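Undergrad: sequence unavailable; structure follows:
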DNA sequence: AGCGGACCCTATCACAGGTTAATGCGCAAC
DNA sequence: GTTGCGCATTAACCTGTGATAGGGTCCGCT
């Protein structure tokens, strides 16, 4: 639990990727932020199947959603960046069907337990925003299925790198031509349904081709257009997103 | 366009899998049903990237959501059964990121264009139900990612069959120990990220093991428990779902 | 009856990607 | 400075799955 940042001073909201808050709604949200939580890199935020029914917003840092099979094989569903909501599914459905783990040290805004229902009751436009976020996350997952199911390893890795690069840039993380990249090769493998060894081979092909480099915890794209072509990745416009 | 069924006489709602409507809400929904649409097996309901912003509920028949790569490889994201909503993402995000195609002849309830927003404005509890459906669909997609990314072909096919069997039963389709099964092996392949040939091999392994048979457009599970074990599939409780 | 088209099935071959195991490197702990 | 650990890297080998090609059956159409 670290020093809470009041929502009125939110460092995320001014970013170009986020929609400005409407009249009165920011205050409404601020009133329901009950604290702030810090989680260390590698630690769990929500455990698979757990019944933690709090709602969080990722304020700073990276995390990921995952599911696993009984025998331990793990699949990462989705990478979470600042502004993403955590725990909405658990609130709506009854149990959490997936776990969430911090990739870097992470700060989370913690919201009151009745947050969701009160949003729906008193601020329909905000409720629509919440549903927008859910639909948006589903779209990401849809894209992931397409990758894992139908792209080759090389295409998958290329598509993931382009995708994460874009999102990191939108989160204001671009610095000197590169963005932070806290995923290990094991994370990439778990995201793309590959083995670690083959992920390594594939990253090297991209590196040697001058397309992308993930060394030193940072991601540099040497040739964005070329990477996109390799990935068969076509741009989707990204409208500003709501923030809680 | 066939003879519209009034929502008050809905054939789906009485099924045990669906939540009864609350006071006043059924009338509200009924008022916004503007028609009924019939789509032949194999025809498209919504085209990928299309801007059709209407909302449908699948009233009868099977359909599926899919995405494809520029070069034609196709991935099925999700099988749709009666009660599923179609077009919610297009309404919220701006374009439809996926297509929808009918698997059998299909009947759809067509809703007024302002349906979503009016639900949020005047019936918060219904709005929450809508979001519940979105979260529930995302859960299905999460499960699919886990399958495609981390299960072997045999496990994938087994898991899919168990899953569809369960859903078909919940839709009241069980008849004499089997349920209808309108997917061709090509559909299964596109759902699981496999080739048609390997899908065929795998189905036969299951058939010879006495676990499952998909012949003749019907699905018979010879040994549900055994199939679950093969699939590493653990049951999730299915609470009754809302219906529009 | 004959034809064509879906769909299912089988066999063979090739290769992408998995598995296992060992090495190296940087870095924190002591 | 040694030890240990996490992560990236390589190599050798193996296998699950894909690609291609063909045959069979059923069914609707003319």
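TA: Received, thanks. Nothing here was measured: the structure is a model prediction, and the numbers come from that model. Residues are numbered from 1 along each chain as shown, chains lettered A, B, ... in the order given.
Undergrad: got a list of what the spatially closest residue to residue A:52 that is not a sequence neighbour touches?
TA: Closest residue to residue A:52 apart from its sequence neighbours, by C-beta to C-beta, 6 or more residues apart in numbering or on different chains: residue A:46 at 5.3 Å. No exception for glycine: its C-beta is placed from N, CA and C like everyone else's. Counting by C-beta atoms under 8 Å, 6 or more residues apart in numbering or on different chains, residue A:46 touches A:52, A:86-87, A:90, A:96, A:99-100.
Undergrad: just residue A:185 next, same as before
TA: A:196, A:199-200, A:203.
Undergrad: in which helix or strand does the closest residue to it other than its chain neighbours reside?
TA: On the basis of C-beta to C-beta, 6+ apart, the spatially nearest residue to residue A:185 that is not a chain neighbour turns out to be residue A:199, at 5.0 Å. Assigned by DSSP states H and E, residue A:199 falls within helix A:196-208.
Undergrad: hmm, who's touching that helix?
TA: Against helix A:196-208 from outside (C-beta under 8 Å, 6+ apart): A:153-154, A:157-158, A:161, A:185-186, A:188-189, A:192, A:194, A:212-215, A:227, A:230.
Undergrad: for stretch A:17-26, same thing?
TA: Residues contacting stretch A:17-26 (C-beta under 8 Å, 6+ apart): A:7-8, A:12-13, A:29, A:83, A:123, A:125-126, A:129, A:170-172, A:238, A:240-243.
Undergrad: now do 6 Å
TA: Counting by C-beta atoms under 6 Å, 6 or more residues apart in numbering or on different chains, stretch A:17-26 makes contact with A:123, A:126, A:170, A:240, A:242-243, all of which sit outside it.
Undergrad: do the same with stretch A:96-112
TA: Contacts for stretch A:96-112 (C-beta under 6 Å, 6+ apart): A:32-41, A:43-48, A:50, A:55-57, A:59-67, A:86, A:90, A:182, B:139, B:142.
Undergrad: so among those residues, which ones count as buried?
TA: A:32-33, A:36-39, A:45-46, A:48, A:55-57, A:59-67, A:86, A:90, A:182, B:139, B:142 (16 or more other C-beta atoms under 10 Å in any protein chain shown).
Undergrad: up against DNA strand C, what does chain A have?
TA: By C-beta under 7 Å from any atom of the strand, the residues of chain A that approach DNA strand C are A:152-154, A:193-195, A:197-198, A:202.
Undergrad: mind redoing it with 10 Å?
TA: A:73, A:151-157, A:189, A:192-202, A:205, A:216 (C-beta under 10 Å from any atom of the strand).
Undergrad: packing partners of the worst-scoring helix or strand of chain A on mean pLDDT?
TA: Taking mean pLDDT, DSSP states H and E as the measure, chain A has helix A:88-92 as its least confident helix or strand, at a mean of 87. Contact here means 3 or more C-beta pairs under 6 Å, 6 or more residues apart in numbering or on different chains; DSSP states H and E; on that basis helix A:88-92 packs against helix B:124-150.
Undergrad: and the direction of the helix it packs on versus that of helix A:124-150, what angle?
TA: 20 degrees (axes from the mean of the first three to the mean of the last three C-alpha atoms, to 10 degrees).
Undergrad: and helix B:124-150, is it in reach of chain A?
TA: Yes. Shown here: helix B:124-150 in contact with chain A (C-beta under 6 Å from any C-beta of the partner chain) through B:124, B:127-128, B:131-132, B:134-135, B:138-139, B:141-142, B:144-146, B:148-150.
Undergrad: next SSE downstream of that helix?
TA: helix B:153-170.
Undergrad: packing partners for that following helix?
TA: Helix B:153-170 is packed against helix B:196-208, helix B:224-231, with contacts defined by 3+ C-beta pairs under 6 Å, 6+ apart.
Undergrad: repeat the analysis, applying 10 Å as the threshold.
TA: Applying 3 or more C-beta pairs under 10 Å, 6 or more residues apart in numbering or on different chains; DSSP states H and E, one finds that helix B:153-170 makes contact with strand B:74-80, helix B:124-150, strand B:179-180, helix B:185-192, helix B:196-208, strand B:212-213, strand B:218-221, helix B:224-231.
Undergrad: neighbours of residue A:197, how many?
TA: By the criterion of other C-beta atoms under 10 Å in any protein chain shown, residue A:197 has 10 neighbours.
Undergrad: hmm, I typed the wrong one, I wanted residue A:82.
TA: 25.
Undergrad: my guess is it meets residue A:57, correct?
TA: Yes. With contact defined as C-beta atoms under 10 Å, residue A:82 counts as touching residue A:57 (8.4 Å).
Undergrad: what's the overlap in contacts for the two?
TA: The contact sets of residue A:82 and residue A:57 overlap at A:12, A:107, A:243 (C-beta atoms under 10 Å, 6 or more residues apart in numbering or on different chains).
Undergrad: surely the first one touches residue A:170?
TA: Put plainly, it is residue A:12. No. Assessed by C-beta under 10 Å, residue A:12 is found out of contact with residue A:170, at 11.0 Å.
Undergrad: re the thing from before, the helix or strand following the least confident helix or strand of chain A and DNA strand D, are they touching?
TA: Helices and strands here follow DSSP H and E; after helix A:88-92, the next one along the chain is strand A:99-102. No. Judged by C-beta under 10 Å from any atom of the strand, strand A:99-102 and DNA strand D are separated, with a smallest distance of 12.0 Å.
Undergrad: partners of strand A:99-102 in the sheet?
TA: strand A:44-46 (antiparallel), strand A:63-68 (antiparallel) (DSSP bridges).
Undergrad: and those strands: which comes nearest residue A:177?
TA: Nearest to residue A:177 among these is strand A:63-68; the distance by C-beta to C-beta comes to 25.0 Å.
Undergrad: so that closest one versus strand A:74-80, what angle?
TA: Relative orientation of strand A:63-68 versus strand A:74-80 (the same axes, to 10 degrees): 160 degrees.
Undergrad: and stretch A:219-228, what's buried?
TA: Buried-residue list, stretch A:219-228, by 16+ other C-beta under 10 Å: A:219-221, A:226-228.
Undergrad: for it, the averaged confidence score.
TA: Averaging pLDDT along stretch A:219-228 gives 96.
Undergrad: got the domain boundaries for chain A?
TA: Annotated domains of chain A cover A:7-129, A:145-231 [automatic domain parsing].
Undergrad: tell me where the model's unsure across chain A.
TA: A:1-2 (pLDDT under 70).
Undergrad: any idea which residue sits dead centre in chain A?
TA: In chain A, the residue lying closest to the centroid (C-alpha atoms, centre = their mean) is residue A:80, at 1.6 Å.
Undergrad: I'd assumed residue A:64 was in contact with that one.
TA: Yes. With contacts counted by C-beta under 10 Å, residue A:80 reaches residue A:64, the gap being 6.0 Å.
Undergrad: joint contacts of those two?
TA: Shared contacts of residue A:80 and residue A:64, defined by C-beta under 10 Å, 6+ apart, comprise A:45, A:100-103.
Undergrad: would you mind listing what in chain A touches DNA strand D?
TA: So chain A meets DNA strand D at A:41-42, A:103, A:149-150, A:152, A:181-189, A:195-204, A:207-208, A:213-217 (C-beta under 10 Å from any atom of the strand).
Undergrad: so how far is residue B:19 from the residue nearest to the centre of chain A?
TA: Applying C-beta to C-beta, to the nearest Å, the value for residue A:80 to residue B:19 is 31 Å.
Undergrad: just residue A:6 next, same as before
TA: Here residue A:6 is placed at a distance of 39 Å from residue B:19 (C-beta to C-beta).
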